[in-house]
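Student: Provide a 3D model corresponding to the input given below.
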Amino acid sequence: MSNIQEKIDQEREQARAMCSTEGASSAECAAAWDAVEELQAEAAHKRGAKEKNSLEQYCDANPDAAECRIYDD
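Tutor: Numbers count the residues shown, from 1 in each chain. Predicted coordinates:
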């Protein structure tokens with residue numbers, strides 16, 4: 001998780017630099033902040049993802065096992 005936070009910090013610094021050189025209302029500035037927002041959304045998504053339990057891990061490794069079969073009604 002710290003790796004993505006480092007990327008967010010780097011992109012944030014680049015966005016600030018871009019906005020100071022190109023202007024706060026420039027398209028480049030907006031694109032730079034969009035990149036920051038995308039990384040923040042990805043980090044939030046990863047924080048919200050639950051870890052798989054032992055059965056889910058087993059079924060990922062053994063999808064044909066009887067315990068992992070899914071039947072349609």
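
Student: Run through the helices of this protein in chain order.
Tutor: Here the chain has its helices, by DSSP state H, at 2-22, 27-48, 54-61.

Student: Nearest to residue 67, out of the ones you listed?
Tutor: Nearest to residue 67 among the helices of the chain is helix 54-61 (7.0 Å), distances taken as C-beta to C-beta. All C-beta atoms are positioned from the backbone trio N, CA, C, and that covers glycine.

Student: Could you give the number of residues near residue 9?
Tutor: Residues within reach of residue 9, counting by other C-beta atoms under 10 Å, total 12.

Student: And the pLDDT for it?
Tutor: Per-residue confidence (pLDDT) for residue 9: 94.

Student: From residue 51, how far off is residue 67?
Tutor: 19 Å (C-beta to C-beta, to the nearest Å).

Student: now do residue 5
Tutor: 20 Å.

Student: So for these two, which residue has more residues nearby?
Tutor: Legend: neighbour count by other C-beta under 10 Å for residue 5 and residue 51, higher for residue 5 (12 against 6).

Student: Retrieve the pLDDT associated with the more buried one.
Tutor: 90.

Student: which residue packs closest to it, ignoring adjacent ones?
Tutor: In space, and not counting its chain neighbours, residue 5 is closest to residue 43: 6.9 Å by C-beta to C-beta, 6 or more residues apart in numbering.

Student: Surely the one you found touches residue 4?
Tutor: Yes - Residue 43 is within contact range of residue 4, at 4.9 Å (criterion: C-beta atoms under 8 Å).

Student: contact partners of stretch 8-26?
Tutor: By C-beta atoms under 8 Å, 6 or more residues apart in numbering, the surrounding residues in contact with stretch 8-26 are 28, 29, 32, 33, 35, 36, 39, 40, 43.
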